[in-house]
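*Asks:* let me see the structure of the following:
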Amino acid sequence: MNLSQRALLMIAKLHDVLDELVTPLHQLHDHRLQCSKGCSSCCVDDLTVFEVEAQHIVEHAEELLATATPAPKGQCAFLDPEGACRVYHYRPYVCRTQGLPLRWVEEDPQTLEITEYRDICPLNIVEGEPVALLPAEQLWAIGPFESKLNELQQAFNPDEPQKRIALRSLFAS
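*Replies:* Below is the predicted model of the structure:
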């Protein structure tokens, strides 16, 4: 088994681990999360993913990609007419964390000052504790998991370690 084949196997394992990690956050924020089947306001067009995640979708949705028509422009290509995801079980990382309260840090290159940012889907802003006041462990931290995904992409395609693919481009039509 070559490196790219191992990377594809690892994507499935990485998604399994991710699902285990976000489940407690989904349960904790159940009162806040309005996301459900058919909620697709964050499922927008022009979404790109690392090539290794795109290939994972291709391997599991070959018939869909060959025969189906993508959703209309403006929407994620994988939405069906009811707004449900047609590749839900194989959806990429970004889709698996959508809706959750998020936190990340950025360093100012000039001052080296580190600033924490927080965000949540506007549909999930409800009464109760504002996201800005939640303890850090109650938010999904952007950064560490992306590093693992980046490592898998580098193993999958060492010549283009940052290559990203538009999801719409995976369809034959």
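*Asks:* hmm, Glu116 and Trp104 touching each other?
*Replies:* Yes. Using Cβ atoms under 8 Å, Trp104 is in contact with Glu116, at 7.4 Å. For every residue, glycine as well, the C-beta is placed using N, CA and C.
*Asks:* the more surrounded of those two?
*Replies:* Neighbour count, other Cβ atoms under 10 Å: between Trp104 and Glu116, Trp104 has more, with 15 against 12.
*Asks:* I'd like the distance between the more buried one and Leu133.
*Replies:* Plainly put, Trp104 is 17 Å away from Leu133 if you go by Cβ to Cβ, to the nearest Å.
*Asks:* over to Glu82?
*Replies:* 36 Å.
*Asks:* same deal with Leu64?
*Replies:* Leu64 is 42 Å from Leu133, by Cβ to Cβ.
*Asks:* what do you get for Val17?
*Replies:* 29 Å.
*Asks:* surely Val105 touches Glu116?
*Replies:* Yes. Using Cβ under 8 Å, Val105 is in contact with Glu116, at 5.1 Å.
*Asks:* show the contacting residues for Tyr88.
*Replies:* For Tyr88, the contact set (Cβ atoms under 8 Å, 6 or more residues apart in numbering) is empty.
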